[in-house]
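Chemist: here is my input; please provide its structure:
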Amino acid sequence: MKVLIDAYNLFHAAKRQVEAPERLTVAALIATLDAWTRQTRHEVLLVFDGKPPPTLHEAGALCRRLGLQFVGPKLTADAAIIEFLTTYSAPRTLLIVSSDRQIRRAAKKRGSKMMPSDEFWTEVSRKLSRRRPPREPMEKRRGLAGDQSIDDWIREFGLDEQP
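Modeler: Sure thing, here's the model as predicted:
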(Lines give C-alpha, C1' and ligand atoms only; values in the text may rest on other atoms or scores of the structure.)
Protein backbone atom coordinates (compact mmCIF):
# COMPACT_ATOMS: atom_id res chain seq x y z
CA MET A 1 0.00 0.00 0.00
CA LYS A 2 1.19 3.52 -0.69
CA VAL A 3 0.87 5.93 2.24
CA LEU A 4 0.90 9.68 1.66
CA ILE A 5 1.55 11.67 4.83
CA ASP A 6 1.12 15.31 5.71
CA ALA A 7 4.48 15.27 7.51
CA TYR A 8 4.33 18.23 9.86
CA ASN A 9 0.72 17.38 10.70
CA LEU A 10 1.89 13.91 11.79
CA PHE A 11 4.92 15.38 13.55
CA HIS A 12 2.74 17.59 15.77
CA ALA A 13 0.29 14.74 16.46
CA ALA A 14 3.22 12.51 17.46
CA LYS A 15 4.62 15.20 19.77
CA ARG A 16 1.31 15.20 21.64
CA GLN A 17 1.56 11.42 22.19
CA VAL A 18 5.20 10.74 23.05
CA GLU A 19 6.49 10.81 26.62
CA ALA A 20 9.26 13.33 25.95
CA PRO A 21 7.97 15.62 23.16
CA GLU A 22 11.08 17.80 23.27
CA ARG A 23 13.18 14.80 22.21
CA LEU A 24 11.11 14.05 19.09
CA THR A 25 12.78 15.62 16.09
CA VAL A 26 11.87 15.42 12.43
CA ALA A 27 14.86 13.09 11.94
CA ALA A 28 13.54 10.83 14.72
CA LEU A 29 10.10 10.81 13.12
CA ILE A 30 11.64 9.78 9.80
CA ALA A 31 13.69 7.03 11.45
CA THR A 32 10.59 5.70 13.24
CA LEU A 33 8.55 5.67 10.03
CA ASP A 34 11.42 4.00 8.18
CA ALA A 35 11.44 1.21 10.78
CA TRP A 36 7.66 0.90 10.39
CA THR A 37 7.97 0.61 6.59
CA ARG A 38 10.53 -2.18 6.96
CA GLN A 39 8.07 -4.14 9.10
CA THR A 40 4.94 -3.46 7.06
CA ARG A 41 6.48 -3.22 3.57
CA HIS A 42 4.30 -0.16 2.83
CA GLU A 43 5.70 2.63 0.68
CA VAL A 44 5.50 6.03 2.35
CA LEU A 45 5.82 9.53 0.98
CA LEU A 46 6.24 12.27 3.58
CA VAL A 47 5.25 15.67 2.22
CA PHE A 48 6.78 18.63 4.06
CA ASP A 49 6.19 22.36 3.85
CA GLY A 50 9.18 24.48 2.88
CA LYS A 51 12.77 23.50 2.15
CA PRO A 52 14.66 20.62 3.75
CA PRO A 53 16.70 21.50 6.81
CA PRO A 54 20.44 20.89 6.33
CA THR A 55 20.35 18.06 8.89
CA LEU A 56 17.98 16.00 6.75
CA HIS A 57 19.88 15.87 3.47
CA GLU A 58 21.13 12.33 4.15
CA ALA A 59 18.02 11.08 5.98
CA GLY A 60 16.03 10.38 2.83
CA ALA A 61 18.91 8.56 1.15
CA LEU A 62 19.06 6.04 3.99
CA CYS A 63 15.42 5.04 3.67
CA ARG A 64 14.30 2.32 1.26
CA ARG A 65 10.52 2.54 1.23
CA LEU A 66 10.19 6.06 2.56
CA GLY A 67 10.38 9.15 0.38
CA LEU A 68 10.70 12.75 1.46
CA GLN A 69 9.24 15.63 -0.52
CA PHE A 70 9.79 19.25 0.47
CA VAL A 71 7.44 21.45 -1.54
CA GLY A 72 9.42 24.68 -1.29
CA PRO A 73 8.37 28.18 -0.35
CA LYS A 74 5.65 28.75 -2.97
CA LEU A 75 3.44 25.74 -2.20
CA THR A 76 2.04 24.15 0.95
CA ALA A 77 2.17 20.47 1.77
CA ASP A 78 -1.63 20.46 1.89
CA ALA A 79 -1.85 21.82 -1.67
CA ALA A 80 0.77 19.35 -2.89
CA ILE A 81 -1.08 16.40 -1.34
CA ILE A 82 -4.40 17.51 -2.86
CA GLU A 83 -2.72 17.94 -6.25
CA PHE A 84 -1.18 14.48 -5.95
CA LEU A 85 -4.58 13.05 -5.05
CA THR A 86 -6.29 14.61 -8.05
CA THR A 87 -3.67 13.38 -10.53
CA TYR A 88 -2.82 9.94 -9.10
CA SER A 89 -4.16 7.17 -11.33
CA ALA A 90 -5.09 4.73 -8.56
CA PRO A 91 -6.37 6.83 -5.65
CA ARG A 92 -8.24 3.90 -4.07
CA THR A 93 -4.89 2.26 -3.31
CA LEU A 94 -3.69 5.25 -1.28
CA LEU A 95 -3.84 5.80 2.45
CA ILE A 96 -3.80 9.52 3.21
CA VAL A 97 -2.58 10.52 6.68
CA SER A 98 -3.64 13.98 7.77
CA SER A 99 -6.00 15.67 10.17
CA ASP A 100 -6.58 18.57 7.78
CA ARG A 101 -10.24 18.84 6.72
CA GLN A 102 -9.48 19.97 3.19
CA ILE A 103 -7.20 16.99 2.57
CA ARG A 104 -9.74 14.64 4.12
CA ARG A 105 -12.47 15.96 1.79
CA ALA A 106 -10.21 15.54 -1.26
CA ALA A 107 -9.31 11.99 -0.20
CA LYS A 108 -12.95 11.07 0.32
CA LYS A 109 -13.90 12.54 -3.04
CA ARG A 110 -11.24 10.41 -4.81
CA GLY A 111 -12.05 7.25 -2.83
CA SER A 112 -8.75 7.09 -0.96
CA LYS A 113 -8.50 5.63 2.51
CA MET A 114 -8.06 8.27 5.18
CA MET A 115 -6.57 8.18 8.65
CA PRO A 116 -6.13 11.09 11.08
CA SER A 117 -2.52 11.72 12.08
CA ASP A 118 -3.01 10.87 15.75
CA GLU A 119 -4.60 7.50 14.95
CA PHE A 120 -1.86 6.69 12.45
CA TRP A 121 0.88 7.48 14.98
CA THR A 122 -0.87 5.26 17.53
CA GLU A 123 -0.85 2.41 15.00
CA VAL A 124 2.81 2.98 14.12
CA SER A 125 3.77 3.03 17.80
CA ARG A 126 1.75 -0.10 18.51
CA LYS A 127 3.30 -1.99 15.60
CA LEU A 128 6.85 -1.04 16.53
CA SER A 129 6.38 -1.87 20.22
CA ARG A 130 5.29 -5.45 19.54
CA ARG A 131 7.95 -7.98 20.29
CA ARG A 132 9.06 -10.01 17.35
CA PRO A 133 9.47 -13.73 17.94
CA PRO A 134 13.12 -14.69 18.47
CA ARG A 135 14.94 -16.14 15.51
CA GLU A 136 15.45 -19.85 15.50
CA PRO A 137 19.01 -20.94 16.24
CA MET A 138 21.11 -21.98 13.24
CA GLU A 139 21.66 -25.39 14.88
CA LYS A 140 17.99 -26.14 14.28
CA ARG A 141 18.55 -25.97 10.54
CA ARG A 142 22.10 -27.32 10.39
CA GLY A 143 21.72 -29.84 13.17
CA LEU A 144 23.91 -30.41 16.20
CA ALA A 145 25.79 -33.41 14.87
CA GLY A 146 29.11 -33.01 13.11
CA ASP A 147 30.45 -35.36 10.43
CA GLN A 148 32.16 -37.65 12.98
CA SER A 149 29.02 -37.92 15.07
CA ILE A 150 26.95 -38.80 12.00
CA ASP A 151 29.41 -41.55 11.05
CA ASP A 152 29.26 -42.94 14.60
CA TRP A 153 25.45 -43.15 14.51
CA ILE A 154 25.49 -44.82 11.08
CA ARG A 155 27.83 -47.51 12.45
CA GLU A 156 25.80 -47.80 15.69
CA PHE A 157 22.60 -48.62 13.79
CA GLY A 158 24.38 -50.77 11.24
CA LEU A 159 23.42 -48.57 8.36
CA ASP A 160 26.90 -48.75 6.87
CA GLU A 161 26.67 -52.48 6.20
CA GLN A 162 25.85 -53.55 2.68
CA PRO A 163 23.12 -56.25 2.32
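
Chemist: going along the chain, name the strands of the chain.
Modeler: Counting by DSSP state E, the chain has strands at residues 2-6, 43-48, 66-70, 94-97, 113-115.

Chemist: nearest to His12, out of those?
Modeler: Closest approach to His12 among these (C-beta to C-beta): strand 2-6, 9.9 Å. Glycine gets a C-beta too; all of them are placed from N, C-alpha and C.

Chemist: and Ser112, how far from Ala28?
Modeler: 27 Å (C-beta to C-beta, to the nearest Å).

Chemist: try Glu156
Modeler: Glu156 is 59 Å from Ala28, by C-beta to C-beta.

Chemist: and stretch 36-46, end to end?
Modeler: End-to-end distance for stretch 36-46, by C-alpha to C-alpha, to the nearest Å: 13 Å.

Chemist: can you list the residues that contact it?
Modeler: 1-5, 7, 10, 30, 33, 63-69, 95, 124, 127-128 (C-beta atoms under 8 Å, 6 or more residues apart in numbering).

Chemist: out of those, which are buried?
Modeler: Buried members of the contacts of stretch 36-46, scored by 16 or more other C-beta atoms under 10 Å, are 2-5, 7, 10, 30, 33, 63, 65-66, 68-69, 95, 124.

Chemist: cool, thanks, talk later.
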